[in-house]
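# Give me a model of this one.
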Amino acid sequence: MEKIGLKYGLLVAVALIVYFLLMRLIGVEDTIELRFLNAVIMAIGVVMAIKAYKTVRNGDIQYFKGIGTGVLTAVVATVIFAVFMLIYIKAFDDRLLEVLTAESLFGERMTITPGVVVFIVLMLEGVISGFFISFIAMQWFKKPQHKVPNSP
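As a prediction, this is how the structure comes out:
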């Protein structure tokens, strides 16, 4: 379970970083609404991790182990992505921090401890969405006969 969670967490983190850099290249990295696609990337990674865990267990998956695999995937991906974002903001693009500070979503604390607030917000978004995605996915994968459509 741990190896699968780490592997897929790393893959999801790479996908999130590539997506962010692509948004940066296009010039839309400050569009908050595009962060919705982060959840889509997270969902794909979590579902793939749970599916891989079920395959390794020959279809015999314990409910909480499946959720644990998904949550571990989300936590690993989120920690790596949050650290990347902190390094990126501090080293390369303070302007992004100013854009985030202007958003009312982050509150007054953003001006006092911007790095901590950005890290906490990213962690909350990633871990909470990862948990919910894991919970929803396990409703499907808990049955032995259920598989992802069009998969072997």
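
# Please count neighbours and contacts with C-alpha atoms only from this point.
Fine.

# the bottom helix or strand of the protein by mean pLDDT?
Ranked by mean pLDDT, DSSP states H and E, the helix or strand of the chain with the weakest confidence is helix 109-112, at a mean of 56.

# Show me what whichever helix or strand comes after that helix packs onto, helices and strands only.
Later in the chain than helix 109-112, the nearest helix or strand by DSSP states H and E is helix 114-141. Applying 3 or more C-alpha pairs under 8 Å, 6 or more residues apart in numbering; DSSP states H and E, one finds that helix 114-141 contacts helix 36-56, helix 63-91, helix 109-112.

# Okay, angle between the longest one and helix 36-56 too, please.
Direction vectors for helix 63-91 and helix 36-56, defined by axes from the mean of the first three to the mean of the last three C-alpha atoms, to 10 degrees, enclose an angle of 140 degrees.

# what angle do helix 63-91 and helix 114-141 make?
Using the same axes, to 10 degrees: helix 63-91 against helix 114-141 is 150 degrees.
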